[in-house]
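**Student:** Sequence below, structure please.
(one chain, ligands or ions: 1)
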Amino acid sequence: MIVTPFTARSTAADVLDGLDLTGRRVLVTGGGSGLGLATSQALRDAGAEVIATSRADFDLADPASINTFTNAWTGPLHAIVANAGIMALPELTRARNGWEMQLATNFLGHFALITGLREHLTADARIVLVSSGAQLNAGLDFDDPQFERRAYDPWVAYAQSKTADVLLAVALSRKWGVTANALAPGRIHTSLQRHLSDATMQAMGAMDQTGELIHPDNFKTPEQGAAASVLLAASPLIDGVTGRYFDEDVQIAGVVPGGTGLHAGVAHWSVDPANADRLWDLAIEALRPSR
Ligand SMILES: NC(=O)c1ccc[n+]([C@@H]2O[C@H](COP(=O)([O-])OP(=O)(O)OC[C@H]3O[C@@H](n4cnc5c(N)ncnc54)[C@H](O)[C@@H]3O)[C@@H](O)[C@H]2O)c1
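**Tutor:** Residues are numbered from 1 along each chain as shown. Just a heads-up that it's a prediction; the model follows:
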């Protein structure tokens, strides 16, 4: 197993230091803010052509708008960084196809995007799924993925969507034989936390009693949070590595049982090939034109 020379404090620029990405075309979703912006900037600084998409280009919760985008795509694609996402919507919200909004946006939208762009991927293409340490908290409930029979929980919904992102990396690696990996960026102040209450932010150690954001030791800057994304998108250090999950220390994580309260490793449910196959079938079914 490879060990990278990077740590939680490494920046995206540290990871790309000395690399010339001239001629490489990279698509970064959610590239206009937070981690996507830092990822895009670092890749551009290293010479890559970066297509940083925002909600205005397509809505990840709307497969039809993704189709329009992928049908219009021209030219080769060397990497996709599936970075856009939403977290902990307070109320159960559904996409037009009935899917719970976090699963629809964080997973299904990226599935549609990646499969829609397949023909443009180069033989050495990299696919990067920005997951989260939240994947440790809940697996995908295949009996009720859309919260039709169980009570909605904003964090369980987020966790299962991030589990799904890791499973997508596993599935792409197995089914297409491509280089596809997932990652947890660590904790970073971004607009991702906009749905969280002050009490939750304070419990996370991310806000003081006056409402000011604070940066405890376990928080990163966006440039540090983007380190694993650019490693997986462009660094030769991980040539040959696929279907893996990199943790917030920018290392391949070991497999652990999973469950709330864990802070390290990748849950067994996030890398189980049977779960990956099942999720793939679920997504294919959801995107059938008749639906
Ligand atoms: N910030 C953290 O602490 C943290 C921790 C773990 C994982 N992550 C993951 O990192 C990724 C980036 O998040 P961030 O922290 O930079 O937050 P962010 O809110 O700054 O960025 C998310 C981006 O996703 C885009 N987006 C959201 N819904 C969309 C939709 N329906 N269609 C198209 N684009 C859409 C937004 O416009 C935004 O640009 C997310 O996948 C998130 O789950 C972040």
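**Student:** got the contact list for residue 142?
**Tutor:** Listed by Cβ atoms under 8 Å, 6 or more residues apart in numbering, the contact partners of residue 142 are 275, 278, 282. To be clear about C-beta, it is placed using only N, CA and C from the backbone, and glycine gets the same treatment.
**Student:** When you filter those down to buried only, what's left?
**Tutor:** When the contacts of residue 142 are checked for burial by 16 or more other Cβ atoms under 10 Å, the buried set is 275, 282.
**Student:** Please identify which of the contacts of residue 142 is nearest to residue 98.
**Tutor:** Nearest to residue 98 among the contacts of residue 142 is residue 282, at 12.7 Å by Cβ to Cβ.
**Student:** I figured residue 147 hits residue 100, correct?
**Tutor:** Yes: Residue 147 lies in contact with residue 100 (Cβ atoms under 8 Å); the separation is 5.4 Å.
**Student:** re earlier: could you dump the contacts of residue 142 into TSV and include pLDDT, distance to the ligand and secondary structure?
**Tutor:** Formatted as TSV, the contacts of residue 142 follow (pLDDT from 0 to 100; distance: Cβ to the nearest ligand atom, whole Å; DSSP: H, G, I helix; E, B strand; the rest coil):
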residue	pLDDT	distance to the ligand	secondary structure
275	98	19	helix
278	98	22	helix
282	98	19	helix
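**Student:** Can I get the contacts of residue 142 in a markdown table including distance to residue 59?
**Tutor:** Formatted as a markdown table, the contacts of residue 142 follow (distance: Cβ to Cβ, whole Å):
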| residue | distance to residue 59 |
| --- | --- |
| 275 | 27 |
| 278 | 26 |
| 282 | 20 |
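**Student:** what residues are up against the closest residue to residue 219 other than its chain neighbours?
**Tutor:** Closest residue in space to residue 219, ignoring its immediate chain neighbours: residue 187 at 5.0 Å, by Cβ to Cβ, 6 or more residues apart in numbering. Neighbouring residues of residue 187 by Cβ under 8 Å, 6+ apart: 204, 206, 218, 219, 220, 248.
**Student:** Would you write a ChimeraX line that selects the buried entries of the residues you listed?
**Tutor:** Restricted to buried positions by 16+ other Cβ under 10 Å, the ChimeraX selection for the contacts of residue 187 reads:
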select :206,219,220,248
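**Student:** In strands, which of the contacts of residue 187 appear?
**Tutor:** Judged by DSSP state E, these include 219, 220 as members of strands.
**Student:** check the contacts of residue 187 against the ligand, which are close?
**Tutor:** For the ligand, no contacts are drawn from these by Cβ under 6 Å from any ligand atom.
**Student:** Please dump the contacts of residue 187 into CSV; it should also carry pLDDT for every row.
**Tutor:** Formatted as CSV, those follow (pLDDT from 0 to 100):
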residue, pLDDT
204, 86
206, 89
218, 86
219, 92
220, 96
248, 97
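**Student:** so can I have a markdown table of the contacts of residue 187 showing distance to residue 51?
**Tutor:** Formatted as a markdown table, the contacts of residue 187 follow (distance: Cβ to Cβ, whole Å):
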| residue | distance to residue 51 |
| --- | --- |
| 204 | 33 |
| 206 | 31 |
| 218 | 32 |
| 219 | 29 |
| 220 | 25 |
| 248 | 26 |
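**Student:** coming back round to it: and the residue nearest to residue 219, what are its phi and psi?
**Tutor:** phi -100, psi 130 (degrees, to the nearest 10).
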